[in-house]
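Q: Compute the structure for the input listed below.
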Amino acid sequence: MQFLTSPYFVYLCTKPRSFIFFAKPIIMRFFQVLAFSSLCMLALFGTVSCDDISAEPDVSPPSVKISAAGGEATAKVLRMDGGKLRTKWAYKSVEVQEGIFYRRDSTLRIDTLTDGRVKYSSTWYAFYVNMAKNEIHVVVSPNKSKNQRSVQFLGNDLYGAGLVSFAVDQEADSTATN
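A: Numbering: from 1, shown residues only. Sure thing, here's the model as predicted:
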């Protein structure tokens, strides 16, 4: 430990400008090197972490509106860039709207048909997914209530980055009394 009467301490205190003059370029150089290395690390992480999402699955159209009389609709599952789907995806859930929230349908039945399609159905809707998983077909029964109905088919790609989502909204019956 240096005392206040130490010749080194006295030299630094009596000539503070010369000390700051010599220390300033060293400190500036340190911060320049620090800033440059930080930018290099940021650029490295930026280039490594960029993900090409063009090959992830996308549903077209993402949602359909069906009249109260019921009906059918088909959605294609393609790559985001419109090309042929090569990534695999799997069923996640079917959710029914209740108020402003969607919840998993507890009455859902899953069946594999003889032609290889998988049927996800309940009392008023049925989703059919073909073997190639590039098409989702929905059949909706007539809505005899005065409430609008909505259901969502959800799936995940096997890498966990993409979401397959197909929503169906059915209009309410304008002549219904209940």
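Q: tell me, how many neighbours does Ala68 end up with?
A: By the criterion of other C-beta atoms under 10 Å, Ala68 has 20 neighbours. Placement of C-beta: from N, CA and C, glycine included.
Q: One more: Asp58?
A: When counting by other C-beta under 10 Å, one arrives at 19 neighbours for Asp58.
Q: again with Val140
A: By other C-beta under 10 Å, 23 other residues sit near Val140.
Q: now swap in Tyr128 and tell me
A: So Tyr128, with other C-beta under 10 Å, has 19 neighbours.
Q: residues touching it, list them.
A: 113, 117-120, 136-139 (C-beta atoms under 8 Å, 6 or more residues apart in numbering).
Q: Restricted to strands, list those.
A: With DSSP state E as the criterion, strands contain 118-120, 136-139 from among these.
Q: of all those residues, which comes closest to Leu44?
A: Closest to Leu44 out of those is Ile136 (40.5 Å), distances taken as C-beta to C-beta.
Q: what bridges to that closest one?
A: Ile136 has these beta-bridge partners by DSSP bridges: Ala75, Val129.
Q: How many residues are close by the nearest residue to Gly162 once chain neighbours are set aside?
A: With C-beta to C-beta, 6 or more residues apart in numbering as the criterion, Gly162 has its nearest non-adjacent residue at 3.4 Å, and that residue is Glu56. Around Glu56 sit 19 other residues, with neighbours defined as other C-beta under 10 Å.
Q: wait, what's in contact with Glu56?
A: Listed by C-beta under 8 Å, 6+ apart, the contact partners of Glu56 are 79-80, 87, 157, 161-162.
Q: ok, now Thr87?
A: Taking C-beta under 8 Å, 6+ apart, we find Thr87 in contact with 55-57, 79, 157-159, 162.
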